[in-house]
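Participant: Here's a sequence, model it:
(4 chains)
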Number of protein chains: 2
Amino acid sequence: MSGTREKLLAGALRALAEHGIAGVSARTVAAAAGVNQALVFYHFGSVDELLATACRHGAEQRVAHYRDRLAQVRTLSELLALAWELHAEESAAGHVAVLAQLLAGAQTQPRLVPATATGLGLWVEEIEQVLNRVLAGSPLAEFVDLAGLARAVAAGFVGLELYEGVDRDGAERALAALDQLAGLVTALDELGPVAQRAVRARLRRGGGLGGGL
Amino acid sequence: MSGTREKLLAGALRALAEHGIAGVSARTVAAAAGVNQALVFYHFGSVDELLATACRHGAEQRVAHYRDRLAQVRTLSELLALAWELHAEESAAGHVAVLAQLLAGAQTQPRLVPATATGLGLWVEEIEQVLNRVLAGSPLAEFVDLAGLARAVAAGFVGLELYEGVDRDGAERALAALDQLAGLVTALDELGPVAQRAVRARLRRGGGLGGGL
DNA sequence: GTCTATACATGGATAGAC
DNA sequence: GTCTATCCATGTATAGAC
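Facilitator: Down below sits the predicted model:
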């Protein structure tokens, strides 16, 4: 058992948050874990393999930490409130930063792709379930692919985290604007049948917007 | 003049796209630029300084490349169509990837913060102007801070780019969902006065959603 | 399983010839 | 301004003692 594996996994996440993907190495991770550098290779074979394992491990922990609270959400307003809460908590603890760094690394390191896809996928899965439950029967679910929306939300969180790192005020304005936009959508969702019918009619005419994809 | 500076700036962007922030070095950049490694330090003093300069330089080029097309946009639908077009072009050319890598690096490298903030800021500025023009007098501008929305859009682009690198299909679903959501908002924007009044009344009651910020 | 020691490669940075 | 050569720090990975 020895716990060294666990120390290394935690150390990898800490080192990623502190030094970024460009600054992690067997030595920095081992230092953060308080163990000998050679043990990285004994237990995981390579630094990348350790990072990949730590990614899955960390994402599982974080998602599990919110599963109960997510399961209790019943309305769109509650979901948005929890989303801001979750963002504040996870961002402050550096967990979003870790995911962002791993995603950046995965862009040019194929060995990191499966792990980061899985890590982000765990969040997507959870968000998707909540959206499906909360928006069941809503006009929103009628016109928007909720699985796609869940993916956009997860990716958006990562982008905002990176933005926050270089412009905190700007990121707060962005969050506030999204809050207002979400309020708008919620209002639409709670409209009376007359107005909803008008929106539906307009949407049936236009369909999506048919962008470049 | 010598053009070596320019070669290095272009080489830095190429190296960032190919090797990521974790893989750039004076040697990889010089190789991409086709010049001697020592010239990085002669012209820029350090690798970080070169990356920072390349970031501003690249962002200016890219924004200038779209300024005309952005200036011609008159409606929200046109804006969204251009947005997807822009995303497809810039993403394919690796320009969004460069910004994402620099943002990731800036999280733990204070020396990169001003340059990346400026680089992303150029995009934000442009987006903000278009939003203000296109949504002037619209109910959307009434309830959503457009400057904040511009920042959210820019950050979202970066997040989607990173997500696309690990899950192309997922990213396409996300974009499609955003397209649908944008269509919904457009529909709202184009509603008749009766429905708009209902939305306004609902919003005045609820205000924003008052999240964790 | 863990430590020390070490090999070997890569990267930042500078000196000095041209 | 550019190139070669080089120093030194850091990083990966392994061997072998404990």
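
Participant: Verify the stated contact: A:Q180 with B:L146.
Facilitator: No - A:Q180 is not in contact with B:L146 according to C-beta atoms under 8 Å; the separation is 10.1 Å. Bear in mind the C-beta positions are built from the backbone N, C-alpha and C, glycine included.

Participant: secondary structure element for the residue nearest in space to the middle of chain A?
Facilitator: The centre of chain A sits closest to A:A154, judged by C-alpha atoms, centre = their mean, with a distance of 4.1 Å. Element membership for A:A154, per DSSP states H and E: helix A:146-166.

Participant: So, low pLDDT: which residues of chain A?
Facilitator: Low-confidence segments of chain A, defined by pLDDT under 70: A:1, A:192, A:205-213.

Participant: for it, what spans make up the helices?
Facilitator: For chain A, the helices defined by DSSP state H cover A:4-19, A:26-33, A:38-44, A:47-71, A:76-92, A:95-106, A:113-134, A:139-143, A:146-166, A:168-189, A:193-206.

Participant: can you put those helices in a markdown table and add distance to DNA strand C?
Facilitator: A markdown table is the format used below for the helices of chain A (distance: least, C-beta to the nearest atom of the strand, whole Å):
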| stretch | distance to DNA strand C |
| --- | --- |
| helix A:4-19 | 3 |
| helix A:26-33 | 8 |
| helix A:38-44 | 4 |
| helix A:47-71 | 13 |
| helix A:76-92 | 29 |
| helix A:95-106 | 15 |
| helix A:113-134 | 21 |
| helix A:139-143 | 48 |
| helix A:146-166 | 21 |
| helix A:168-189 | 27 |
| helix A:193-206 | 51 |
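
Participant: Out of the ones you listed, indicate the one that is most buried.
Facilitator: helix A:95-106 (a mean of 27; mean count of other C-beta atoms under 10 Å in any protein chain shown).

Participant: quick one: it near chain B?
Facilitator: Yes - contact of helix A:95-106 with chain B (C-beta under 8 Å from any C-beta of the partner chain) involves A:97, A:100-101, A:103-106.

Participant: Among those, which one sits closest to B:L135?
Facilitator: A:A100 (30.1 Å; C-beta to C-beta).

Participant: Give me the distance between the closest one and DNA strand D.
Facilitator: 19 Å (C-beta to the nearest atom of the strand, to the nearest Å).

Participant: which residues does that residue contact?
Facilitator: A:158, A:161-162, B:104, B:107, B:162 (C-beta atoms under 8 Å, 6 or more residues apart in numbering or on different chains).

Participant: swap in A:G165?
Facilitator: A:97, B:103, B:106-107, B:113.

Participant: Give me the contacts around stretch A:40-47.
Facilitator: Contact with stretch A:40-47 is made by A:4-5, A:8, A:24-26, A:29-30, A:50, A:53, as judged by C-beta under 8 Å, 6+ apart.

Participant: just how off-centre is that stretch within its chain?
Facilitator: A distance of 27 Å separates the centroid of the chain from that of stretch A:40-47, by C-alpha atoms, centre = their mean, to the nearest Å.

Participant: and that stretch with DNA strand D, contact?
Facilitator: Yes - applying C-beta under 7 Å from any atom of the strand, one finds stretch A:40-47 in contact with DNA strand D at A:41-42, A:45-47.

Participant: Is there proximity between stretch A:8-22 and chain B?
Facilitator: Yes - using C-beta under 8 Å from any C-beta, stretch A:8-22 comes into contact with chain B via A:18-22.

Participant: Nearest to chain B among these?
Facilitator: Closest approach between the residues of stretch A:8-22 next to chain B and chain B, by C-beta to the nearest C-beta: A:G20, at 3.5 Å.

Participant: what's near enough to touch that closest one?
Facilitator: Neighbours of A:G20 in contact, by C-beta under 8 Å, 6+ apart: A:101, B:21, B:104-105, B:107-109.

Participant: try A:V166
Facilitator: So A:V166 contacts B:103, B:106-107, B:113, B:116-117, B:120 (C-beta under 8 Å, 6+ apart).

Participant: Could you do A:P139 as well?
Facilitator: A:188-189, A:196, A:199-200.

Participant: if we go to 10 Å?
Facilitator: A:188-191, A:193, A:196-197, A:199-200, A:203, B:184 (C-beta atoms under 10 Å, 6 or more residues apart in numbering or on different chains).

Participant: Could you do A:R27 as well?
Facilitator: Contacts of A:R27 (C-beta under 10 Å, 6+ apart): A:15, A:37, A:40, A:47.

Participant: Can you tell me how far the closest residue to the second one other than its chain neighbours is from A:G11?
Facilitator: Which is A:Q37. Counting by C-beta to C-beta, 6 or more residues apart in numbering or on different chains, A:Q37 lies nearest to A:A30, which is 4.3 Å off, once chain neighbours are set aside. Per C-beta to C-beta, to the nearest Å, A:A30 is found 7 Å from A:G11.

Participant: Residues in contact with both of those two, list them for me.
Facilitator: With C-beta under 10 Å, 6+ apart as the test, A:A30 and A:G11 both reach A:40, A:50.

Participant: In this structure A:R197 contacts B:G192, no?
Facilitator: No - using C-beta atoms under 10 Å, A:R197 is not in contact with B:G192; the gap is 11.6 Å.

Participant: If we only consider the contacts of A:R27, which is nearest to DNA strand D?
Facilitator: Distance to DNA strand D across the contacts of A:R27 (C-beta to the nearest atom of the strand) is lowest for A:V47, with 4.2 Å.

Participant: A:G23 - how many residues pack around it?
Facilitator: Neighbour count for A:G23, taken as other C-beta atoms under 10 Å in any protein chain shown: 16.

Participant: do you know how far it is from DNA strand C?
Facilitator: Applying C-beta to the nearest atom of the strand, the value for A:G23 to DNA strand C is 12 Å.
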